[in-house]
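quick one: sequence and predicted model below, then my questions.
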Amino acid sequence: MSIIYKSPREIEKMRAAGKVAAGTLALAASMIKPGVTTGEMDAAIEKYIRSFGGVPTFKGYRNFPASACISVNEEVVHGIPGPRALKEGDIVTVDVGVTLDGYIGDTAWTWPVGRISTKAQRLLKATKDSLFLAIEQVRAGRRLSEVSRAVQNYAESNGYTVVRKFAGHGLGRDLHEEPQVPNYVDALTRGNDPLMKEGLVIAIEPMLNVGHYDVTTLKDNWTVVTKDGELSAHFEHTIAVTANGPDILTVA
């Protein structure tokens, strides 16, 4: 496993990218209402990112056709924006990457569209809480599995399942660097559970399902949905390991 540790200067560049990414999510949140299409949101997101001199990291990545991944209800990740209009009661995840001056910020959030069910409210809260519990484990000298354990234990103790097919990841100049940051402990074997050190930058991104953790990919070869059609939520921040603990880089 070859982990690329970041210098303080590089972390500041990632913070700048993360700030634009956080602003992008704030813009997306301001647009969320019944009748708005995911394609309209994506167009505004791209315009916003480019207005800061940034590049939408996802656009063209492995031929992904849009600037943001926008996933609704049972869509877990990698939803392709388009003509779908949001409806009252939906939940919608916006996942964005911003490349600025060669470095990347990556973040995601799930929001309600108008009034949502109690089931959906509880899922959103549990997924968001699991992210921040995981962030608390980001300390130099601790094992990465402590991050994974925090997500899994909280999710399962609240009756949710953790998506196993997708994980968080290191990032910097590249969107996906080592190490992988899974949301369940069994994925980290003895030889693949690194100590976190200063300069490590990771994207932590819990994806929790109401039903089973099994997922499948639609015919567009991108959109991942829950196999049982149940709701899924996704929250993500980019985090640097520092001498003083976790430093969230994707904030405004």
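Right, received. Where do you want to start?

next one: the host helix or strand of residue 21 to chain centre, how far?
When elements are assigned from DSSP states H and E, residue 21 belongs to helix 8-31. How far helix 8-31 lies from its chain's middle: 13 Å, per C-alpha atoms, centre = their mean, to the nearest Å.

now that helix: mean pLDDT?
Helix 8-31 carries an average pLDDT of 98.

other SSEs contacting it?
helix 38-51, strand 91-100, strand 103-112, strand 237-242 (3 or more C-beta pairs under 8 Å, 6 or more residues apart in numbering; DSSP states H and E). All C-beta atoms are positioned from the backbone trio N, CA, C, and that covers glycine.

so which residues of the stretch 51-200 of the chain form helices?
According to DSSP state H, counting those that start in this stretch, the stretch 51-200 of the chain carries its helices in the segments 118-136, 145-157.

which helices and strands sit right next to the last one?
Translated: helix 145-157. Partner elements for helix 145-157 (3+ C-beta pairs under 8 Å, 6+ apart): helix 118-136, strand 161-162, strand 201-204.

return the most buried member of those.
With neighbours defined as mean count of other C-beta atoms under 10 Å, the helices and strands packed on helix 145-157 peak in mean count at strand 201-204, which reaches a mean of 26.

returning to that earlier point: so which of the helices and strands packed on helix 8-31 is the most packed in?
The highest mean neighbour count among the helices and strands packed on helix 8-31, using mean count of other C-beta under 10 Å, belongs to strand 91-100: a mean of 26.

mind listing the strands that one pairs with, and their directions?
Strand 91-100 pairs in its sheet with strand 55-56 (antiparallel), strand 68-72 (antiparallel), strand 103-112 (antiparallel), by DSSP bridges.

between it and helix 118-136, how big is the angle?
30 degrees (axes from the mean of the first three to the mean of the last three C-alpha atoms, to 10 degrees).

list the contacts of the closest residue in space to residue 170 that isn't next to it in sequence.
The shortest distance from residue 170 to any non-neighbouring residue, by C-beta to C-beta, 6 or more residues apart in numbering, is to residue 177 (3.7 Å). By C-beta atoms under 8 Å, 6 or more residues apart in numbering, the residues touching residue 177 are 3, 4, 169, 170, 171.
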